[in-house]
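> Dropping a prediction and its sequence here:
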Amino acid sequence: MTNTYCADEDALMKKTVSPYLGLSMLVIAALSCGCNRWIAGPAPTVGNSLFSANTPGGAANGTRLVSAPATEATSDGSESSDRYVARQYPSTPPYVPPTTAPPPSTTLPPSSYSQQPSPYSQQPSTYSQQPSTNYNTPPSLSSPSNNVPNYGGGQNYGSPSAPASPPTVSGEMFPGGGFPNSGLPDSSMPGSGLPSTLYGDPVAPPTTYVPMPTVREADLIINGYPARTGRIMLGGAVNSDAGVTGQITLDERNFDITRWPTSFQDLFSGTAFRGAGQTFRVEAAPGSDFDRYTINFADPNLFGYKPVSMSISGFLVDRRFQDWDEQRLGGKLSFGYRITPDLSVSVGFSGQNVEISNARVPAVTPNGESDLYSGIISLKHDTRNSPIQSSEGHYFDFSFEQAFGDFEYSRFETEYRKYWLLAQRADGSGRQTLSYSNQFGYSGDDTPFFENFFAGGYATLRGFDFRGAGPVESGVSIGGRFKFLNTIEYMFPITADDAFKGVAFVDFGTVEKDIELNSDSFRVSPGVGLRVAIPMLGPAPLAFDFAFPVNKADTDQTQVFSFYMSLVR
């Protein structure tokens, strides 16, 4: 009975357990298959990291990877392993920007890192600080702006010609604790070429394309300082023509005739009568042989019109000649028009009272007063590089005058000077110059003797006394109505500093009562001279000349030595 009971009991147990055992085996097999699907390869030992969507084989943006020990699947599930199981915590997928990185390989699982991609640099082995495990999901980004100007011909980031570089995998979200600002496009704003904030918003995104100008522009800052425009000059001169002369001059080159003073302070501070670029000059030059007093006002830009100028002057000249004394009191008004910087034309009107006294021969030069008025038109062309010591260029002056009043006559004059630079040193000093000058003039029949042409002296014919080469009547030099005077001069340096220069010259010409050239009265006077430049004495050099007439008239008065010295301070 007992054995029979046991056998029956075993059979009953087998029948009862067999269905549960088969069901358990099926459950274990199913669990084993499910666990095998989540067994991952060797995961990187970086702990928890947030990988970019551009990382091949990495998790999507917003996915957190947590390292945890896993149990290797066995038949009974008890054997352990060093591998890691990556648990995914999915979130709302953000905007995935376009990338030029190659797609992940289909032969490897998405979470496998058996081989690093080639563009990536070598990863550091250790990290001094683990990043925080709390990461906020970045907001979705708007589409990047495409209106990015190309500054300076540079390359636009995000364009097909500038592929984006994959970011470097690091243990920190932003290395160094700051925002990415390396000059390359940020992964949060691909293709924008602009720096972005933490949430991917661009800083001042451009809205319109502004082309760069083709001509470079820059601000020019000019610092001006008021220059001294007023001068008071004291000077003197000694020459063989006019004797000894003193000089005092008041010169203002920034005069304004409309700016009258409103108080005494304006007069003493120098603000009155200044600021319009006009010229005002007062000069007094008393001397042993003549006295000259002049006042002159000139506006180079009349009424603000640059090519037009105006000049008005008054004068008093008292001259004591060898044969009579002469005093002139008058004034002149003229207007000029500058055609080119070198060419100008002017018209003017003058009036003067001339008084002759102390005549040595009254029958030839009668004493008395005369009123003389005239209209003048002139044309000038000046290309000289210096008005005092010229070495290049030329000067031409033509004038026509019609006189009326107590005397009526016509007069025209021309003056021409030409300069050639023959040689010079490499630094521009030591200039050797050849020059030619000519004076030609003719006056009408009714010309009074005090308006005749005269020759002789330093300024006309060297080697002759002042006004000593010309027609003579009763022993009185009365001049002539025709003049033809010429000079050829060669100037060369003597010292290295050009302080001393030598000249060799020939003066030739004549003055006659009428238009004629007579060989008996045609004057020729060669000579040599010395020029001494002393800057402290003034711009004009001291001149010492020796001339020897080789052809002259019998009535001419000669003078071998002539000189000119001036001092202006």
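The structure has been received and is ready for your questions.
> so where does Phe484 fall, helix or strand?
Element membership for Phe484 (DSSP states H and E) is strand 482-493.
> ditto for Ser334
Assessed by DSSP H and E, Ser334 sits inside strand 325-338.
> Buried residues in that strand, which are they?
Neighbour-count burial for strand 325-338 flags Asp325, Glu326, Gln327, Arg328, Gly330, Lys332, Ser334, Gly336, Arg338 (criterion: 16 or more other Cβ atoms under 10 Å). The C-beta positions use only the backbone N, C-alpha and C, and glycine is treated the same way.
> just checking, the last one touches Tyr305?
No. Counting by Cβ atoms under 8 Å, Arg338 stays clear of Tyr305, with 10.5 Å between them.
> Count the residues that sit near Thr487.
Thr487 has 19 neighbouring residues, counting by other Cβ atoms under 10 Å.
> Same question for Thr433.
Neighbourhood size, Thr433 [other Cβ under 10 Å]: 21.
> Is it correct that it falls within a helix?
No. Looking at Thr433 with DSSP: H, G, I helix; E, B strand; the rest coil, it is strand, so not inside a helix.
> Now do the same contact list for it.
Neighbouring residues of Thr433 by Cβ atoms under 8 Å, 6 or more residues apart in numbering: Ser390, Ser391, Tyr419, Trp420, Leu421, Leu422, Tyr490, Met491.
> now Thr271
Arg259, Pro261 are the contacts of Thr271 under Cβ under 8 Å, 6+ apart.
> one step back: quick one: the buried residues of strand 325-338 as TSV, columns for distance to Asp371 and pLDDT too.
Listed next are the buried residues of strand 325-338 as TSV, based on distance: Cβ to Cβ, whole Å; pLDDT from 0 to 100:
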residue	distance to Asp371	pLDDT
Asp325	18	95
Glu326	15	96
Gln327	13	96
Arg328	11	97
Gly330	9	97
Lys332	15	97
Ser334	20	97
Gly336	26	96
Arg338	33	94
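> tell me which of those residues is nearest to Phe454?
Glu326 (12.2 Å; Cβ to Cβ).
> tell me the contacts of that closest one?
Here Glu326 is in contact with Val317, Asp318, Arg319, Arg320, Val354, Glu355, Ile356, Ser357, Phe450 (criterion: Cβ under 8 Å, 6+ apart).
> Spit out the contact partners of the fifth one.
I take that to be Val354. Applying Cβ under 8 Å, 6+ apart, the residues contacting Val354 are Glu326, Gln327, Arg328, Glu369, Ser370, Asp371, Leu372, Pro448, Phe450.
> Try it again at 10 Å.
Shown in contact with Val354 (Cβ atoms under 10 Å, 6 or more residues apart in numbering): 317, 326-330, 368-372, 405-407, 448, 450-451.
> So for it, what's the pLDDT?
We have a pLDDT of 96 for Val354.
> any idea which element it lies in?
With DSSP H and E as criterion, Val354 is part of strand 343-357.
> Can you check what angle separates that strand from strand 325-338?
Interaxial angle of strand 343-357 relative to strand 325-338 (axes from the mean of the first three to the mean of the last three Cα atoms, to 10 degrees): 170 degrees.
> Any buried residues in strand 343-357, and which?
Those would be Ser344, Ser346, Gly348, Ser350, Gln352, Val354, Ile356, for strand 343-357 by 16+ other Cβ under 10 Å.
> Below-threshold pLDDT in the chain: ranges please.
Along the chain, segments meeting pLDDT under 70 span 1-213, 226, 566-569.
> Make sure Phe563 is actually in contact with Gly243.
No. With contacts counted by Cβ atoms under 10 Å, Phe563 stays clear of Gly243, the gap being 11.8 Å.
> Need the overlap of contacts for the two.
Joint contacts of Phe563 and Gly243 (Cβ under 10 Å, 6+ apart) do not exist.
> now the closest residue to Ser374 other than its chain neighbours: how far from Ser334?
For Ser374, ignoring the flanking residues on the chain, the nearest one in space by Cβ to Cβ, 6 or more residues apart in numbering is Ala403 at 4.2 Å. Ala403 is 16 Å from Ser334, where distance means Cβ to Cβ, to the nearest Å.
> What of Ile295?
Distance from Ile295 to Ser334, by Cβ to Cβ: 15 Å.
> repeat for Pro307
Pro307 is 15 Å from Ser334, by Cβ to Cβ.
> So which residues of the stretch 201-350 of the chain form helices?
264-269 (DSSP state H, counting those that start in this stretch).
> can you map out the strands along it?
Taking DSSP state E, counting those that start in this stretch as the criterion, the stretch 201-350 of the chain carries its strands at 230-239, 243-255, 278-285, 290-299, 308-320, 325-338, 343-357.
> Turn these into CSV, including distance to Asp554.
Formatted as CSV, the strands of the stretch 201-350 of the chain follow (distance: least, Cβ to Cβ, whole Å):
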stretch, distance to Asp554
strand 230-239, 27
strand 243-255, 27
strand 278-285, 36
strand 290-299, 29
strand 308-320, 27
strand 325-338, 27
strand 343-357, 27
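> So which of the ones you listed is nearest Ala504?
Here strand 230-239 is closest among those (Cβ to Cβ), at 20.9 Å.
> ok, how many other residues are close to the closest residue to Asp445 other than its chain neighbours?
Of all residues not flanking Asp445 in the chain, Tyr409 sits nearest, at 6.8 Å (Cβ to Cβ, 6+ apart). Look at Tyr409: counted by other Cβ under 10 Å, it has 18 neighbours.
> try the one 3 residues further on
Phe412 is surrounded by 16 other residues when neighbours are defined as other Cβ under 10 Å.
> Nearest residue to it in space, please, no chain neighbours.
Closest to Phe412 by Cβ to Cβ, 6+ apart is Phe400, at 4.7 Å.
> Likewise for Gly441?
Spatial nearest neighbour of Gly441, chain neighbours left out: Glu413 (3.9 Å); criterion: Cβ to Cβ, 6+ apart.
> in what helix or strand does the one you found lie?
Going by DSSP H and E, Glu413 is in strand 409-423.
> Mind giving me the packing neighbours of that strand?
Counting contacts by 3 or more Cβ pairs under 10 Å, 6 or more residues apart in numbering; DSSP states H and E, strand 409-423 packs against strand 368-382, strand 393-405, strand 432-443, strand 482-493.
> List the contacts of Ile339.
Applying Cβ under 10 Å, 6+ apart, the residues contacting Ile339 are Pro307, Val345, Leu379, His381.
> Would you list the buried entries among those?
When these are checked for burial by 16+ other Cβ under 10 Å, the buried set is His381.
> picking that back up, please indicate which of the contacts of Val354 are buried?
So, by 16+ other Cβ under 10 Å, the buried ones in these are Val317, Glu326, Gln327, Arg328, Gly330, Leu372, Phe407, Pro448, Phe450, Glu451.
> any chance of the buried residues of strand 325-338 in CSV, plus distance to Gln559?
Below are those laid out as CSV (distance: Cβ to Cβ, whole Å):
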residue, distance to Gln559
Asp325, 22
Glu326, 22
Gln327, 26
Arg328, 26
Gly330, 31
Lys332, 32
Ser334, 35
Gly336, 38
Arg338, 41
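> what bridges to Ala504?
Tyr490, Val528 (DSSP bridges).
> still on that earlier bit, how close does the residue nearest to Phe412 sit to Glu283?
Taken as Cβ to Cβ, the span from Phe400 to Glu283 is 28 Å.
> what's the answer for Tyr458, then?
21 Å.
> Counting neighbours, go ahead and name the busier of those two.
A direct count of neighbours by other Cβ under 10 Å for Tyr458 and Glu283 places Tyr458 higher, at 19 against 16.
> Leaving out the residues flanking it, which one is nearest to that one?
Ser562 (4.5 Å).
> Now do the SS call for that neighbour.
Strictly by three-state DSSP, Ser562 counts as strand.
> Ala543 is in contact with that one, correct?
Yes. Using Cβ under 10 Å, Ser562 is in contact with Ala543, at 8.1 Å.
> which residues do those two both contact?
Residues touching both Ser562 and Ala543 by Cβ under 10 Å, 6+ apart: Asn239, Ser240, Tyr458, Arg462, Gly529.
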